[in-house]
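K.L.:
Fold the following and give me the result.
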Amino acid sequence: MSFDTIVLAVCDGVAYASLVFLVAVGLTFIFGVLGVLNIAHGSFYALGAYTAVSAGMALTKAGFSPWLTFPALFVGAIAVGVVLGGLMEKLLLQRIYDKEQVLQILVTFAVFMILENVQRLVWGVQPYFMSEPLQLLGNVSLFGISYTAYQTLFLPALALIVLFGLRFFLRHTSAGAQILAVTEDREAASAIGIDAQKVYFITFIAGATLAALGGALAAPTTSLMPGMGAEMIVLSFAVAATAGLGQIEGAAVAALMIGLGRSVAVYLAPEFEVLVPYILMVAVLIFRPSGLFGAPQLRKI
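P.N.:
Below you'll find the model as predicted:
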C-alpha cells in the first residue's frame with residue numbers, strides 16, 4: 001500500500017467506524033440495562049436515515065437555507081427514536097421483560113420485519129440521497145490528500161462526544177447512578193425507590209435514538225436503499241460481540257477495529273470487504289468467548 005492509500009484507508013475506516021459505533025453503542029446500551037437483544041435496532045437506523053433525508057429535502061425544496069439540513073439530521077433521528085422507540089417499549093417490551101430471551105428475540109424480529117415493510121410502503125425502493133451536509137463542510141487536506149470534512153472531522157468528533165457523554169452520564173449523574181443500580185439488581189433498586197420501569201423506558205428511547213442518529217448521519221455519505229437496516233444490525237451485533245455485550249467503551253474499540261479492517265480490505269482485497277468484520281469477530285471470540293472487554297457475566301455497562 002502506498003502512503004496515500006494508507007491515509008485514505010484510515011480516513012474511510014474512522015468515518016465508517018464512527019457511524020457503526022453510534023448504532024452498536026445503542027444496541028449494547030439497551031442490552032446492558034434491559035437484557036434485550038433488539039433485532040429491530042436496524043430498522044431504527046434505516047428509518048432515522050429516511051426521515052432525516054425526507055426532512056432535509058423538504059426544507060431545501062421549500063427554499064430554506066441548506067444549512068438547515070444539519071438540524072434536520074438530528075431532529076429526524078430524535079423523532080424516530082422517541083416516537084417509535086417509545087411506542088415499542090410501552091406496547092411490546094414491557095410485556096416480555098420477564099419472558100425467555102428467545103421470545104424477546106422473536107418479538108423484536110417481528111417488529112423489524114414490520115418496519116422494513118413500512119419503510120418500503122412509505123419510501124418505495126428507489127434510492128434517496130442528500131449531499132448538502134457533505135458539501136457545505138467542504139474538504140480538508142491530510143498529508144496532501146483532500147477528504148471531506150464531514151467524514152474526517154464531524155463524524156469522529158460526534159462519536160467521541162457520544163462516547164464520553166454517555167460515560168460521564170452513567171458515572172457522574174444521579175440518573176446514571178439509577179440506571180447502573182437497576183442494571184445491577186432491579187429488585188433491590190426498586191426497593192429503595194428507583195422506578196425501574198421508567199429507567200427501562202428512557203434507556204430504550206436513548207438506544208433507539210442513537211441507532212436513528214447513526215442512520216441520519218450516514219445519509220449524506222451513501223444512498224439509502226431497502227435492506228440497509230438488516231446490514232447494519234448484523235454489523236452492530238458483530239461489533240457488540242467483539243467488544244463484549246454491554247461494553248460501551250469496548251464498542252468504540254471494536255467499531256474502530258472493524259471499520260479500519262473493512263477499509264483496508266476495500267483497497268487491498270475488495271472481495272473480502274464484507275467478510276472482514278466477521279472474520280475479526282470470530283478471531284476474537286475463539287480466544288475471548290466473552291469478547292475483548294467482556295466478563296463472564298454479559299450484562300455490564
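
K.L.:
Point me to the helix or strand that includes the nearest residue to G246 once chain neighbours are set aside.
P.N.:
Leaving out its chain neighbours, the residue that sits closest to G246 by CB to CB, 6 or more residues apart in numbering is G32, at 3.5 Å. C-beta coordinates here come from the backbone N, C-alpha and C atoms, glycine included. Assessed by DSSP states H and E, G32 sits inside helix 3-34.

K.L.:
try S146
P.N.:
strand 145-148.

K.L.:
What lies in contact with that strand?
P.N.:
Outside of strand 145-148, the residues within contact range by CB atoms under 8 Å, 6 or more residues apart in numbering are 4, 7-8, 11, 134, 137-141.

K.L.:
Against A110, how distant is G227?
P.N.:
Using CB to CB, to the nearest Å, G227 is found at 18 Å from A110.

K.L.:
And S290, by the same measure?
P.N.:
S290 is 29 Å from A110, by CB to CB.

K.L.:
Same check on L8?
P.N.:
Shown here: L8 relative to A110, a distance of 41 Å by CB to CB.

K.L.:
Next: G244.
P.N.:
Counting by CB to CB - G244 and A110 are separated by 27 Å.

K.L.:
between these two, who's got more neighbours?
P.N.:
More crowded of G244 and A110, by other CB atoms under 10 Å: G244, with 23 against 13.

K.L.:
Under the pLDDT cut-off, which ranges of this protein? List them.
P.N.:
Residue ranges of the chain with pLDDT under 70: 1, 294-301.

K.L.:
where along it do the strands fall?
P.N.:
For the chain, the strands defined by DSSP state E occupy 139-142, 145-148.

K.L.:
Distance from the chain centre to the last one, please.
P.N.:
In this case it means strand 145-148. With CA atoms, centre = their mean, to the nearest Å as the basis, strand 145-148 stands 25 Å off its chain's centre.

K.L.:
now do the first one
P.N.:
The chain centre lies 26 Å from the centre of strand 139-142; the measure is CA atoms, centre = their mean.

K.L.:
Partner strands of that strand, with direction?
P.N.:
strand 145-148 (antiparallel) (DSSP bridges).

K.L.:
Please identify the deepest-packed of the strands of the chain.
P.N.:
Highest mean neighbour count among those (mean count of other CB atoms under 10 Å): strand 145-148, with a mean of 16.

K.L.:
Just the C-alpha atoms of that strand, please, in CSV.
P.N.:
Extracted C-alpha coordinates of strand 145-148, given in CSV (Å, rounded to 0.1, in the frame of the first residue of the first chain):
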residue,chain,number,x,y,z
ILE,A,145,-4.8,14.4,0.2
SER,A,146,-8.2,16.0,0.0
TYR,A,147,-11.0,14.4,2.0
THR,A,148,-14.5,15.6,3.1
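
K.L.:
Who are the contact partners of Q94?
P.N.:
197, 200.

K.L.:
One more pass at 10 Å, please.
P.N.:
For Q94, the contacting residues are 88, 197, 200-201, 204, by CB atoms under 10 Å, 6 or more residues apart in numbering.

K.L.:
ok, how many other residues are close to Q197?
P.N.:
The number of residues packed near Q197 is 15, by other CB under 10 Å.

K.L.:
gap between the residue lying closest to it once chain neighbours are set aside and Q104?
P.N.:
Leaving aside its chain neighbours, Q197 sits nearest to Q94 (7.1 Å; criterion: CB to CB, 6+ apart). According to CB to CB, Q94 and Q104 sit 12 Å apart.

K.L.:
ok, now L160?
P.N.:
Using CB to CB, L160 is found at 32 Å from Q104.

K.L.:
neighbour count winner among those two?
P.N.:
Neighbour totals were compared for L160 and Q104, and Q104 leads with 21 against 13 (other CB under 10 Å).

K.L.:
Check whether the more buried one really touches M88, as I assumed.
P.N.:
No - the pair Q104 / M88 is not scored as a contact, 12.0 Å apart, by CB atoms under 10 Å.
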